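>>> what shape does this take:
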Amino acid sequence: MSNNPQDAKFKKWLDVLQQESWQLELIISGFAIYGLFAIIGPIELAGMEADNDNNLYRKLLFQGLEVSWYIITINLIAHVILRGLWIGAIGLRYVSGEIDYDKLRYSPKFTRHLQRRVGSFDNYVATLEKYCSVIFAVTFLLVFYLLGLLILVCCFTLLGLWLDQDDLSNALRSWVIIPMIIFLALGMILTFIDFATQGWLKRITWIARIYYPFYWVFKYLTLSFLYRPMVYNFLDTRFGKRLNWLVVPLYLGIVILAGTGFSTSNYLDRKLNATDYSASKANYLDTLDDETAFVDRASIPSKVISDPYLNVFIVYGSSVEDDVFYFQKDLKPEEDLRGLYSIFSEGTVNGRSNKLRTYLETLEDMYTLSVDSTDYKPELVFAVNARKQMGYETYLDLAGVPRGKHLLRVQRKDHDGDSIYLRTIIRIPFWYYPNPVPIQHITP
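Model prediction:
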């Protein structure tokens, strides 16, 4: 069969396919929903790992995937529910046909109201069919919108990182990067206005001439050249325009509803951070009960310590290495290897292992650990915990520490301009109850 759009057979085939598309929609929706619930766990875990590692690129990627997951899942579940209602309506029509308002024997007032508002049963079936088909199409349109936004955010991020490079020439900064940022920012504003007004910028001749260069570039940046026919076919009907006005407020309402909760106290919260007066499960290894939980800044084995020593793990933070370079300028490399790398680069540590000892000694000088009022200068080693978090750990001698409640304080030397001060990273309360030493009876 020819795939020429002008061929009568091709048009007839499309008409038949259009009428039978509900079967494909249900099959795709069913498999998609099953797959979506299977992958949300790994997506959330990967996003949390990226956030914990301060990996901006992976964080943006997985946040975009997570939002896309919610959009697709909500829409497909709504599609399956409405399509099931449509199938039920088709079956009921086969049994009882149209609505006979005379047999209901309602008062004339209610009969007229129902005839005007409810109408015929066939109209109800047709309306359900229309909503089901539109929801299925809009689902993937919204994902493409989000993907385009994610690409633009990545462009801004890459340009910002390029702009922050110390060895960048002023000419390149002034004549290339800054104009590109301005062009992207202005293009985003114009594209959003055109989207929100359903093409108003394309209708006015002199504005359309100004907007066209932005439109031409952004159709590739946002991948709109892949789905533009669906958008214009969607907007050329009154129903499509009305639904387009509702999409953004609807999802904003869902976001607001998802962030709504219930508080039972003016002072207590389930998400309290570790302080002098509160304990967070993110700072005790034995309370990290699932794979998606990560250590927050530092951790100890448990709330109750029975051994005569205390193991402390400190999570590596994104700003730590900059402080190391500030306090030990010999460690700062000529080329900063942090950020993206490929299999062709030498990595971040290769070739610099001879300076790891100095790096670690600088860290030991920067950190001060204390139990109550007793300070410890830690002896650190690099480590990766069970959650694959990079950091460093040490052991503190608890000899002489009395039984009962105590407070571990992790502090790090920091700077503000030329002023150097000691900043508290975290406070972790714990209880020390050492195991009693068994009494050995000596037989005379």
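>>> you'd agree Ile207 is in a helix?
Yes: looking at Ile207 with DSSP: H, G, I helix; E, B strand; the rest coil, it is inside a helix.
>>> ok, for it, nearest residue in space, not its chain neighbours?
Excluding the flanking residues, the one nearest Ile207 by Cβ to Cβ, 6 or more residues apart in numbering is Leu201, at 5.4 Å. Any C-beta I mention is one placed from the backbone N, CA and C, and that applies to glycine too.
>>> and that neighbour, what element?
Using DSSP states H and E, Leu201 falls within helix 200-203.
>>> export that helix to PDB, keeping only CA atoms.
Extracted C-alpha coordinates of helix 200-203, given in PDB (Å, rounded to 0.1, in the frame of the first residue of the first chain):
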ATOM      1  CA  TRP A 200       0.300  35.300  19.300                       C
ATOM      2  CA  LEU A 201       3.900  36.200  18.300                       C
ATOM      3  CA  LYS A 202       3.400  34.500  14.900                       C
ATOM      4  CA  ARG A 203       0.300  36.500  14.000                       C
END
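>>> tell me what it is packed against?
Under the contact definition 3 or more Cβ pairs under 8 Å, 6 or more residues apart in numbering; DSSP states H and E, helix 200-203 sits against helix 178-196, helix 205-221.
>>> could you list the buried residues of it?
Leu201 (16 or more other Cβ atoms under 10 Å).
>>> mind listing the helices for the stretch 51-200 of the chain?
Ranges of helices in the stretch 51-200 of the chain, per DSSP state H, counting those that start in this stretch, are 56-96, 101-104, 108-117, 121-163, 170-172, 178-196, 200-203.
>>> returning to what we had before: closest to Lys405 out of the helices and strands packed on helix 200-203?
Nearest to Lys405 among the helices and strands packed on helix 200-203 is helix 178-196; the distance by Cβ to Cβ comes to 53.1 Å.
>>> circling back: redo the helices of the stretch 51-200 of the chain as JSON lines? Include distance to Asp372.
Putting those into JSON lines (distance: least, Cβ to Cβ, whole Å) gives the following:
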{"stretch": "helix 56-96", "distance to Asp372": "37"}
{"stretch": "helix 101-104", "distance to Asp372": "80"}
{"stretch": "helix 108-117", "distance to Asp372": "73"}
{"stretch": "helix 121-163", "distance to Asp372": "43"}
{"stretch": "helix 170-172", "distance to Asp372": "54"}
{"stretch": "helix 178-196", "distance to Asp372": "51"}
{"stretch": "helix 200-203", "distance to Asp372": "66"}
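>>> those: which one's closest to Lys413?
That would be, of the helices of the stretch 51-200 of the chain and by Cβ to Cβ, helix 56-96, which comes in at 26.2 Å.
>>> how close does Ala38 get to Lys355?
Remark: distance between Ala38 and Lys355 (Cβ to Cβ, to the nearest Å) = 45 Å.
>>> an error on my part: the question was meant for Met366.
With Cβ to Cβ as the criterion, Met366 and Lys355 are 16 Å apart.
>>> over to Asn123?
From Asn123 to Lys355 the distance is 77 Å (Cβ to Cβ).
>>> the two: which is more packed in?
Legend: neighbour count by other Cβ atoms under 10 Å for Asn123 and Lys355, higher for Lys355 (15 against 10).
>>> you'd agree that one is in a helix?
Yes: the assignment for Lys355 is a helix, going by three-state DSSP.
>>> run through the residues that contact it.
By Cβ atoms under 8 Å, 6 or more residues apart in numbering, the contact list for Lys355 reads Leu331.
>>> so where is the stretch 101-250 of the chain shaky, pLDDT-wise?
Where the stretch 101-250 of the chain drops to pLDDT under 70, the residues are 166-167, 244, 248.
>>> give me the contact list for stretch 370-387.
52, 285, 288, 291, 293-295, 299, 310, 312-314, 356, 360, 363-364, 367-369, 390-398, 401, 406-409, 411.
>>> over that stretch, what's the mean pLDDT, rounded is fine.
Taken as a whole, stretch 370-387 has an average pLDDT of 88.
>>> specify the local secondary structure of Gly400.
coil.
>>> that one and Pro308, how far apart?
Distance from Gly400 to Pro308, by Cβ to Cβ: 10 Å.
>>> mind checking which of the two has more residues around it?
Neighbour tally, Gly400 and Pro308, criterion other Cβ under 10 Å: the higher count belongs to Pro308, 13 against 7.
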